[in-house]
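In: My questions are about this predicted structure, shown below with the sequence.
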2 protein chains.
Amino acid sequence: MDIKCHHAVSNVGTEQYIWFKIAEAEAAEVMLVTCKEKDESPALSLVDQIKNARQNIQNVVNATSSSRTSVKEEQVTSVLKNLRTNIQETLEKMQFLKATAERFEKRLDKLDGGVQSDKCVVESSGPSAKRKQPMWKQPHSKESRLKLYNSFTRKKEEFIPENGNFVKWYSCGPTVYDASHMGHARSYISFDILRRVLTDYFGYNVLYCMNITDVDDKIIARARQNYLLEQYKEKSNDVSKLLQDLQQAINDFEKKLNDTKDLDKKTMMEKQLTLAVAASTKLENSSTLNPELKENLFLNCKDPLSIWLDKQYAHTVSENSIFSVLPQYWEKEYFDDMDALNVAPPDVLTRVSEYVPEIVSYVEQIIQNGFGYVSNGSVYFSVAKFDSCPDHFYAKLVPEAVGDLQALQEGEGSLSVTTEQLNEKQSPNDFALWKASKPGEPSWNSPWGKGRPGWHIECSVMACSILGSSMDIHTGGVDLKFPHHDNEIAQAEAHYNTDSWVKYFLHSGHLTIAGCKMSKSLKNFITIKEALQKNSARQLRFAFLLHSWKDTLDYSENTMHDAVQYEKLMNEFFLTVKDVIRNQPSSGPEAFCKWRKEDLQLSETFSKLQQNVHVAMCDNVDTRTVLDNLRQLVTASNTYLANAHTQKATPNGQLLKDVAKYITWIFKVFGAISGEAEIGFPITVSGGGMQNSESTLMPYLNVLSTFREDVRNVARNYKVTEVLALCDELRDTELPKLGVRLEDKEGARTVVKLVDREQLMKEKAEKKLAEEKKRKEKEAAKEAAARKKEEKEAQKRIPANQLFIGQTDKFSQFDNQGFPTHSADGKELSKGQSKKLRKLYDAQDKMHQEYLQQNGTQSNGPVPS
Amino acid sequence: MDIKCHHAVSNVGTEQYIWFKIAEAEAAEVMLVTCKEKDESPALSLVDQIKNARQNIQNVVNATSSSRTSVKEEQVTSVLKNLRTNIQETLEKMQFLKATAERFEKRLDKLDGGVQSDKCVVESSGPSAKRKQPMWKQPHSKESRLKLYNSFTRKKEEFIPENGNFVKWYSCGPTVYDASHMGHARSYISFDILRRVLTDYFGYNVLYCMNITDVDDKIIARARQNYLLEQYKEKSNDVSKLLQDLQQAINDFEKKLNDTKDLDKKTMMEKQLTLAVAASTKLENSSTLNPELKENLFLNCKDPLSIWLDKQYAHTVSENSIFSVLPQYWEKEYFDDMDALNVAPPDVLTRVSEYVPEIVSYVEQIIQNGFGYVSNGSVYFSVAKFDSCPDHFYAKLVPEAVGDLQALQEGEGSLSVTTEQLNEKQSPNDFALWKASKPGEPSWNSPWGKGRPGWHIECSVMACSILGSSMDIHTGGVDLKFPHHDNEIAQAEAHYNTDSWVKYFLHSGHLTIAGCKMSKSLKNFITIKEALQKNSARQLRFAFLLHSWKDTLDYSENTMHDAVQYEKLMNEFFLTVKDVIRNQPSSGPEAFCKWRKEDLQLSETFSKLQQNVHVAMCDNVDTRTVLDNLRQLVTASNTYLANAHTQKATPNGQLLKDVAKYITWIFKVFGAISGEAEIGFPITVSGGGMQNSESTLMPYLNVLSTFREDVRNVARNYKVTEVLALCDELRDTELPKLGVRLEDKEGARTVVKLVDREQLMKEKAEKKLAEEKKRKEKEAAKEAAARKKEEKEAQKRIPANQLFIGQTDKFSQFDNQGFPTHSADGKELSKGQSKKLRKLYDAQDKMHQEYLQQNGTQSNGPVPS
């Protein structure tokens, strides 16, 4: 049936119009009949199918009750699989049905509206017949929604926060016992980017919580060893005792080396051993222990010695504070690194050491819920109990890893895996919630005796303390997946008796160094500080952005080369655009001219690429594709500029500015630009951005100076020395720090001088250097003059008849006054030559005579001729 | 059937497990049977219903073919309405069905996963049996989506752009023939806010196009009149000729006034007439025309004179350039105003004068499509033709206004509504696409002769030239709805033969001035420049933000008072937070301390209010509610701070900073902060706009404040009042001049606030005034007390025998001690009366005796009795 032809005859007239309505209704009926044919009553058939499936399963069980269970299982699984497929198909059919019905309803809506509107045209002049607005069509659009790669499903899942626009986020922070390396940077930069994108691109209100693990077996061991080594070093002055201890330490270390199976670790230990042996030999040969030798010895023998000391004296270390110095130091270093990398600080920071009471009561709740048990002063989590509970599932992230005892024991910590400790557990799969502390380990009071938290419990407790009983996002490095994160989840779900504590678990990928695996224990890492010496924080970030956050990233020359090139391309573009807009009016009517065809084309490309960027952002924050699209945008803009140049047309500064602003904005979102410039990378002018500071500051400094002067005068009158001291301190300590120099003048106003502090220091140093140089030059000149004088004096002491005697390279014969007569080759000297020489001879004679007179001695010649 | 009990017996063992599966399947079956009962096969019943409806309609038509059509229509409408209701119900049923099926599928999924996971527990040690991840539950959340109030439906509709994240937006710009007033500000600020919110809050990539109407009847008339007046003025030196012309002009004007019906307009014209008559009389009396008199004359007679001149000489003006000077001038002024208001410039600006060729070909296409016709050199749009087409609908925005000829003619323009022109149209509802230009009007060539574009066509053409055949958003003032926007839509839809050129049409509300209507023609407007003299751009914006953009806004003292108060509250908060964080470490470990209960509470309030803000943003960009929630956030934060102060706890700077940053961000989104400061309003230090002045100054001011505090403490100890006075003077006089406010806190650090200097001076003046008032009141009270005392003293000086003597209105006879014996009417006083008087007499005597004793003088009575 053709609706259009009915349209054609239905121009005006109510009767025709109603016929038209009937035709529409008929058309709709045809639509629904088709729909019915496709339908076959889905719900009914579904019920039948389920009935059949149930029957089939029962049959399987009945028929093969004596055969192997695995065959049964296979059959049941197959029946269920078929049933699922059928349900899927039925759902799709119903989806079609629903869509058709909706379409029909809309059509009907329009018809209904049409009845009234058409009526109005018919009676348009009548004031009582008001026209009504027609049906409005809601636009349909393929809308991109943010999807994140969720470790719970190993798929990209649409991101839906629990509370509208608010996102609760917990991120596993560092265990602070050593310098942060590029492996850490991998996580922290990746999550910084994700956090910024969710906040600044997608507009979520994010509460970002991160922990600092400052109670940990690694920290304890390291802190204790450092402490013992330092103590030992202080007391070690007896060489023979030291040599004896060293030998024992080295022997122990050698034994340990032989027991080590990991090849990388073995190699490293061999190196450490060689160093220690060499240092020990050196000591043996020198017999005395001077400070330099001692320093070197302790540096090179650090590893064997501290292990040996720890083995012997660990139990003597008991003060908790000994274990907090080390993490405090490395926490500070960590924050310095993050600042240098432009990683935004968390909204909330939690430290394990601050949450021990909360941890204790959390563990109590887990025990009460039946998932924890006390054993020998420690508390363990019963994995079997938890997993057997129908509402729970152990190891949601890496179910394949259940039973991986090596991973589990690494998670327990090096101080917590003695045979005795392992035997305390009901099952090797169980893990510690609370560890009884041995002597030499820090401890807190608990209902189970003195102890400390297990590794995994801290994150569960701190996250819940801040974020409550569930969160939207949990992030961490991929190496933390099992057992750490799986145990964290088990604990929290056991505590709250829930089954979805974390909604989206995101893991950043591994980092390799030029293709090689990097690992904490191997010490083959490149620290963040080292990396920042080679490249700027922005270049590092571009390197990260050019790779997917969830995949392995190789930190290598190539990687960094690409990043540097990318930065360069962008920078050139920014500079070009800035130049274009600097040379055009920036506001008012002249800033706008009619768009040419080329402008429209660029604008179209611009919006198309913006769409690509958006789709890429939604696609698990695919920064690589985003950067690629921005590169295309720059290329298109450059082509546009080149064309404008060829055609001698003025490029559209407004449009180019919009393009550059957009790219700048995306870079800001990514944390690659932290300045506030509208376009481009921030420019650091040498000496820093204090441009107009003097005119700004001076009025304030004058007030300060006058106030100080007035106060000082009063204080002098009343002899309030404390105030006078404050005045001096201000002048001599506080203000110089800010580059302000006060010069007190007796009987006159104090002079205020604003100087650049750095500059001042540099100038001062230079001045000192110049003075030193001048002084040295002066000294040298003085010395040279003295030398010259000395030489002259020496010359005077030579009698004229000795002047030429020694010059046998020039002359061969002399007369009795020592005057040369023949040249070296035996020829008699010419008259001219003799004349010249005579002049020299006479001058020397005169000088020598004067010398003799001054010194009152007799010459030994020449005799007067 | 209880699934739980099956669970209980299914701990291990494959056989039991399979029985459990069967039980699960049974449970699911029960679910679906229930579902079937509710279902009753919806699709089938739907088809039947439609069949019935069709039959009913046919019956109606057949049965009543001879009766009135309106009855038929009613019946058909009723049938359709019932059908629609039924479909709605069916859809709901199907929804239930679908949800049930999905729920079942998920359950099945979990069971399937369960088969494998349970298996793993059974054979956990076997390496071949890998566990699989369990089912993941996607979070469900009531998500807010942006809705905009769409003039097409007069409802809030979910905003769905056609192309993902990309938004094409056309906004009606100004007709540049006069100064922009607050009515204009209403639109431009409102849309600037909407645009910023869509871009910066919702993250859309917006292409924002705006036009400048620089060809228009109002511009033509004004430009021509200005030109003719200027010409005439230059040549006018003959007083008698001038007086004669003036008389004619005034007579004409008077006639016009009498014909005017609009009361407001009449009032205005009367004023203009009075001015002109007075000026003319003045000229008559002075007889010579000095320059000042001339200037005044032409100023006061401008209106009658230029109308009169235009009527006479309009046809002599032909140069197009004469008509472009005026719009160029006002365009520049417009941009200056927008800059001053911080309204962001459009991405693309189009001017009518630049798009005439495009307009011509657009009109040609409309004619070709059958919706335009040529008449007498002009081209008109046939409303009837368009509206009768089934795919089109005329006046979608204001269908009620169809036939409103006054509105339509206003839209045609003052130069285009002569009877001749109106008669050219096939229907009075038609409107001009192209106007043949008369002499004295600018013109361009076209296939229909020399002419110029109609008003409405320009927007259709320019929008399409930049944005293509459809757009997401069109904005404009509410007064443009009909006919301008409705005609724009009709033209574009006629041109493209589409039915939804614009998806969302948004109209900003009216603006009233202190409750009164404001209108261009009445000249009762307040220009933007005038408004900016009273309030800052930010205050004006806050006033707008405190009202819904689509409703009427009243610009009044009250409105501005609220805005100023709001700004003040926010500013105080920013300054307080800045002070808190300045005095805490901003980075490194010390920047983070453990969150207290109060911190968690504030954080919770913070996120709750953020959610409210988000919901309000989604709700048609409800800025009023947003601002209200921010106010609540500030109140909560202030309470938190006050509590911290009371408890002597350190407030959480990190959290307060997040709060202040968030508020600042929202204000940036709203365009109320354009600086780049992380927190607060940008501060202009004396002398102007140093952006980074705060970060530059603060270190110095802190040193100053600390120094002063130290000095002050010492001075207090030693009671050096002069130093204390200096400290006060610094706080109260010197620093305020520089915009620095010190707030001394008893027992706590002095708070340093860098504030706007003007603001501070104003506050100071107010404080001084208040103090002055207090002082005066005190003085007055003191004087009154002194007067009272004086009166009492005077009373004491009176001897008792003189007390009653003078009271002849009360008494007629006295004894020798001056005690009254008879009342004024000659009657002897009663005992009671005497007793009362005696008391008074004795008291006075006692008082007087005391006075005499104190002053050492003798009384002149009474003598002792």
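Out: Good, I have the coordinates. Numbering: from 1, shown residues only, chains lettered A, B, ... in the order given.

In: alpha carbons only for contacts and neighbour counts from here, please
Out: Will do.

In: low pLDDT regions in the stretch 251-400 of chain A?
Out: Judged by pLDDT under 70, the stretch 251-400 of chain A has its weakly predicted residues at A:287.

In: mind listing the helices for it?
Out: Under the criterion DSSP state H, counting those that start in this stretch, helices of the stretch 251-400 of chain A are mapped to A:263-286, A:291-300, A:302-313, A:322-340, A:356-368, A:383-388.

In: now do the stretch 551-700 of chain A
Out: Taking DSSP H, counting those that start in this stretch as the criterion, the stretch 551-700 of chain A contains helices spanning A:557-582, A:597-618, A:623-646, A:653-669, A:693-718.

In: contacting residues around A:L609?
Out: Under the criterion of CA atoms under 8 Å, 6 or more residues apart in numbering or on different chains, the contact partners of A:L609 comprise A:N629, A:L630, A:Q632, A:L633.

In: number of nearby residues for the last one?
Out: Going back to what we said before, that points to A:L633. The tally of other residues near A:L633 (other CA atoms under 10 Å in any protein chain shown) stands at 22.

In: check contacts around it.
Out: Under the contact definition (CA under 8 Å, 6+ apart), the residues listed for A:L633 are A:T605, A:F606, A:L609, A:V659.

In: Swap in 10 Å and give it another go.
Out: The neighbourhood of A:L633, defined by CA atoms under 10 Å, 6 or more residues apart in numbering or on different chains, consists of A:L602, A:T605, A:F606, A:S607, A:K608, A:L609, A:Q610, A:L627, A:T639, A:V659, A:A660, A:I663.

In: How confident is the prediction for it, by pLDDT?
Out: Among the per-residue scores, A:L633 shows a pLDDT of 98.

In: To A:S236, which of the helices of the stretch 251-400 of chain A lies closest?
Out: helix A:291-300 (9.1 Å; CA to CA).

In: ok, which stretches of the stretch 651-800 of chain A are strands?
Out: If DSSP state E, counting those that start in this stretch is used as the criterion, the strands of the stretch 651-800 of chain A fall at A:740-745, A:748-754.

In: for A:T175, phi and psi?
Out: Dihedral angles of A:T175 (phi, psi; degrees, to the nearest 10) stand at phi -90, psi 110.

In: Count the neighbours of it for me.
Out: The burial metric for A:T175, expressed as a neighbour count using other CA under 10 Å, is 19.

In: Please apply the same query to A:V751.
Out: Neighbour count for A:V751, taken as other CA under 10 Å: 13.

In: Pull up the gap between it and A:V740, please.
Out: For A:V751, the distance to A:V740 under the criterion CA to CA, to the nearest Å works out to 10 Å.

In: Could you do A:G588 as well?
Out: Per CA to CA, A:G588 is found 43 Å from A:V740.

In: The two: which is more packed in?
Out: A:V740 (20 against 17).

In: Does that one touch A:K753 like I think?
Out: Yes. Counting by CA atoms under 10 Å, A:K753 is a contact partner of A:V740 at 5.7 Å.

In: Walk me through the domains of chain A.
Out: Split into domains by the TED database, chain A comes to A:14-57, A:556-586+A:594-675, A:696-755, A:798-855.

In: Nearest to A:L293, out of these?
Out: Among the domains of chain A, domain A:556-586+A:594-675 comes nearest to A:L293, with 37.9 Å by CA to CA.

In: re the thing from before, most tightly surrounded among the helices of the stretch 551-700 of chain A?
Out: Neighbour counts averaged per stretch over these are highest for helix A:653-669, at a mean of 21; criterion: mean count of other CA atoms under 10 Å in any protein chain shown.

In: now it: how far from the chain's centre is it?
Out: In terms of CA atoms, centre = their mean, to the nearest Å, the centre of helix A:653-669 is found 25 Å from the chain centre.

In: And for stretch A:320-331?
Out: For stretch A:320-331, the distance from its own C-alpha centre to the chain's C-alpha centre is 23 Å (CA atoms, centre = their mean).

In: Going by neighbour count, which residues in it are buried?
Out: A:I322, A:F323, A:S324, A:L326, A:P327, A:W330, A:E331 (16 or more other CA atoms under 10 Å in any protein chain shown).

In: Ok, stretch A:339-358 next?
Out: Of the residues in stretch A:339-358, those buried under the neighbour-count criterion (16+ other CA under 10 Å) are A:341-353, A:355-356, A:358.

In: of those, list those near chain B.
Out: By CA under 10 Å from any CA of the partner chain, the members of the buried residues of stretch A:339-358 lying near chain B are A:P345, A:P346, A:D347, A:V348, A:L349, A:T350, A:R351, A:Y355.

In: In contact with the second one, which residues?
Out: Looking back up the chat, that one is A:P346. A:P346 makes contact with A:Y170, A:S171, A:G173, A:D192, A:R195, A:L207, A:Y208, A:C209, A:M210, A:N211, B:F592, B:Q654 under the criterion CA under 10 Å, 6+ apart.

In: If we use 6 Å, what do you get?
Out: Residues in contact with A:P346, defined by CA atoms under 6 Å, 6 or more residues apart in numbering or on different chains, are A:Y208, A:C209.

In: Flag every residue of the stretch 51-200 of chain A that's near chain B.
Out: Contacts of the stretch 51-200 of chain A with chain B, taken as CA under 6 Å from any CA of the partner chain, map to A:K130, A:R131, A:K132, A:Q133, A:S141, A:E143, A:E162, A:G164.
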